[in-house]
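>>> Curious how this folds, go ahead:
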Amino acid sequence: QQQQQHSQSAGNSQQHQTKSTLLLNPSVHVYPIYYFNIEINGQHSGRVLIEVRSDVAPKMAKNFNALTTRDVLGYKGCHIFQCWENESIITGDYESNNGRGGRAVFDDGFFMPDDTKILAIRGSVGMRRSQKRHDNLGHVGSQFRIILREMRGFTGIFAFVVEGLELVEKISQTGDATGKPQSSVVIASCGKYQLG
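Coordinates of the predicted model:
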């Protein structure tokens, strides 16, 4: 009986791994993909491709698309302002580049994120909830986080890194003990990625 329980739990674990792998590396990319060209200390360092789950996160997808594709008041030129080694990086504050600014493209500037039920696992991307604004607690604007390890309880996941996770790891290592990057890390350019 013990052996049967063990094989059942191994099967469940394998099934969970398969689901995670399919989400991170879908065989056919049917959702929008966006590119982010990254500079570290003024040098081109590579690119990150993010696939957005527009099917389960329509509002977050619309916001992310607009912020990624416009030349002003968007992600182009944003600094990665928080880096936690092998945990996560945070960017998207196009107003202040320090975590205190950045608004959504919608009229109110902030909105309640879609309830996607997607797990916060390695390679997932989620909107960062506003911190200091008591009137907007729980809402999101433009800031987002790329996750490097499973983070239980973190919600607002709407996308996955499909290329460049090694670069995200490298960026995460630039943070000091308080998460402040010791190198200048900037989104030099970004936009919608065309497959093929």
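
>>> longest single strand anywhere in this structure?
Identified as the longest strand of the chain according to DSSP state E is strand 43-52.

>>> just checking, what packs against that strand?
strand 33-40, helix 58-69, strand 157-163, helix 165-172 (3 or more CB pairs under 8 Å, 6 or more residues apart in numbering; DSSP states H and E). Quick note: C-beta positions are derived from backbone N, CA and C, even for glycine.

>>> what comes up buried for that strand?
The neighbour-count check on strand 43-52 (16 or more other CB atoms under 10 Å) flags Ser45, Gly46, Arg47, Val48, Leu49, Ile50, Glu51, Val52 as buried.

>>> How about the contacts made by the closest residue to the fourth one other than its chain neighbours?
With CB to CB, 6 or more residues apart in numbering as the criterion, Val48 has its nearest non-adjacent residue at 3.6 Å, and that residue is Gly164. Taking CB atoms under 8 Å, 6 or more residues apart in numbering as the contact definition, Gly164 lies against Phe36, Ile38, Gly46, Arg47, Val48, Leu49.

>>> And the strands in this protein?
So, for the chain - with DSSP E - the strands run 33-40, 43-52, 82-84, 88-91, 124-129, 140-147, 157-163, 185-192.

>>> out of the contacts of Gly164, who's nearest Gly101?
The closest of the contacts of Gly164 to Gly101 turns out to be Phe36 (CB to CB; 19.0 Å).

>>> Pretty sure the closest one sits against Val186.
No. Counting by CB atoms under 8 Å, Phe36 stays clear of Val186, with 10.2 Å between them.

>>> Between these two, point out the one with more neighbours.
Using other CB atoms under 10 Å as the criterion, Phe36 and Val186 rank with Phe36 on top: 26 against 20.

>>> As JSON lines, the buried residues of strand 43-52 with distance to Asn86 and pLDDT would be great.
Output for those, formatted as JSON lines (distance: CB to CB, whole Å; pLDDT from 0 to 100):
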{"residue": "Ser45", "distance to Asn86": "18", "pLDDT": "98"}
{"residue": "Gly46", "distance to Asn86": "18", "pLDDT": "98"}
{"residue": "Arg47", "distance to Asn86": "21", "pLDDT": "98"}
{"residue": "Val48", "distance to Asn86": "16", "pLDDT": "98"}
{"residue": "Leu49", "distance to Asn86": "20", "pLDDT": "98"}
{"residue": "Ile50", "distance to Asn86": "19", "pLDDT": "98"}
{"residue": "Glu51", "distance to Asn86": "22", "pLDDT": "97"}
{"residue": "Val52", "distance to Asn86": "24", "pLDDT": "98"}
